[in-house]
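Student: Sequence first, predicted coordinates after that:
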Amino acid sequence: MARRLPSLNALRAFEAAGRHGLMKLAAEELHVTHSAISRQIQNLEEALGVRLFEGPKNAPRLTDAGRTLLPALSEAFDRIDAAVRLVASAEEGHLDVSCLGTFLMKWLIPRLHRFRQSHPAITIRLSTADTPVDFSRESFDVAIRVGAGPWPEDAEVIPLFAERFGPVCSPKLGAGPDNLFSLPMLQTQTRRSAWSDWCERAAVDVELRPASEFEHFYFMLEAAVGGLGVGIAPWPLVADDIAASRLVAPYGFIDSGQDYVTLRRRNHNRKAEAFCSGLHDVAAEFPSGPEPAGSTT
């Protein structure tokens, strides 16, 4: 029997808007405009002959019909997504990878060449995010995150390495253990506790007075390279800068208590398996960073 279904785009627009509760977020997820979402939902309402949303445009609420339709659509799209991923387990094609922004720029991209050489038929599509991973709602195949866990139950966890962190600054500042903390202290919005965490773990007692705050690690590290002060940074984000003498680490690096991990869907996607295996091999060869130099004060 032929199925009489409304537009798939209209159904996707409604499902995303209903799940998020805001058409703006649905538009961001589907990479279309807010007006496109509104138009698709209006077309769906006309095709069904019922209202799916009610209330003001800036705070729409699902009607009874909308509340009935939404869970069935969400389940259907989840099952379609899972089925497509199961049959799309070829050793070539696109692989979507979500990664922490600064880790992507400072560590992953400079080390992707080996994977590209060994798997030229796989196209890596990279995106940045630091939000918790939910494979039931996300479109990517692999995610790289840092933390102490626990990790999502629907993900296979492949450890990369333990995170080590420490103070870094430009060599032109002539900083050492004796005068390091007289420099302006830099911090990031994404990890405001970095200084206090490091001081506690390194048993260093200094007055914490951050002079500048940056939105992301990348901006803070550029400020450190430019000689604007000293910041606490994870070793993977500064390893190449230290090797190139753009940064120095007078105190070395110590364990932060967190780990970098690769998370992938629990299915037999051969592209994801190849990528995670290759990344694990690269991580195994990555040095752990300079040890703390002498005792702290």
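Tutor: Noted; the coordinates are in hand. Residues are numbered from 1 along each chain as shown.
Student: biggest helix in the protein by residues?
Tutor: Ranked by residue count, the top helix of the chain under DSSP state H comes out as helix 64-87.
Student: Show me what it is packed against.
Tutor: Other helices and strands packing on helix 64-87, by 3 or more CB pairs under 8 Å, 6 or more residues apart in numbering; DSSP states H and E, are helix 8-20. Every C-beta, even on glycine, is put in place using the N, C-alpha and C of the backbone.
Student: same for the helix it packs on, what does it pack against?
Tutor: Checking 3+ CB pairs under 8 Å, 6+ apart, helix 8-20 ends up next to helix 23-30, helix 34-48, helix 64-87.
Student: Got phi/psi on the nearest residue to Leu173 once chain neighbours are set aside?
Tutor: Leaving aside its sequence neighbours, Leu173 sits nearest to Gly227 (CB to CB, 6 or more residues apart in numbering; 5.8 Å). Main-chain dihedrals, Gly227, degrees, to the nearest 10: phi 80, psi 20.
Student: With Phe275 instead?
Tutor: Torsion angles, degrees, to the nearest 10, at Phe275: phi -70, psi -50.
Student: how about Gly101, what does it touch?
Tutor: Neighbouring residues of Gly101 by CB atoms under 8 Å, 6 or more residues apart in numbering: 128, 130, 216-218.
Student: Need these in a markdown table (columns: neighbour count and secondary structure).
Tutor: Output for those, formatted as a markdown table (neighbours: other CB atoms under 10 Å; DSSP: H, G, I helix; E, B strand; the rest coil):
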| residue | neighbour count | secondary structure |
| --- | --- | --- |
| Thr128 | 13 | strand |
| Asp130 | 15 | coil |
| His216 | 18 | coil |
| Phe217 | 26 | helix |
| Tyr218 | 17 | helix |
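Student: now, among the residues you listed, which is nearest to Leu30?
Tutor: Within the contacts of Gly101, the smallest distance to Leu30 is 18.6 Å, found for Thr128 (CB to CB).
Student: Show me what that closest one is bridged to.
Tutor: With DSSP bridges applied, Thr128 shows beta-bridge pairing to Cys99.
Student: Give the buried residues for the longest helix of the chain.
Tutor: By neighbour count on 16 or more other CB atoms under 10 Å, the buried set for helix 64-87 is 65-66, 69-70, 73-74, 77, 85.
Student: all strands in the protein, in order from the N-terminus.
Tutor: Assigned strands in the chain, in chain order: 53-54, 61-62, 93-99, 122-128, 142-147, 155-168, 185-188, 210-214, 230-234, 254-265 (criterion: DSSP state E).
Student: just those strands: most buried one?
Tutor: A comparison of the strands of the chain by mean neighbour count, using mean count of other CB atoms under 10 Å, puts strand 230-234 on top with a mean of 27.
Student: and that strand, what does it pack onto?
Tutor: So strand 230-234, by 3+ CB pairs under 8 Å, 6+ apart, packs with strand 155-168, strand 185-188, helix 194-202, helix 217-225.
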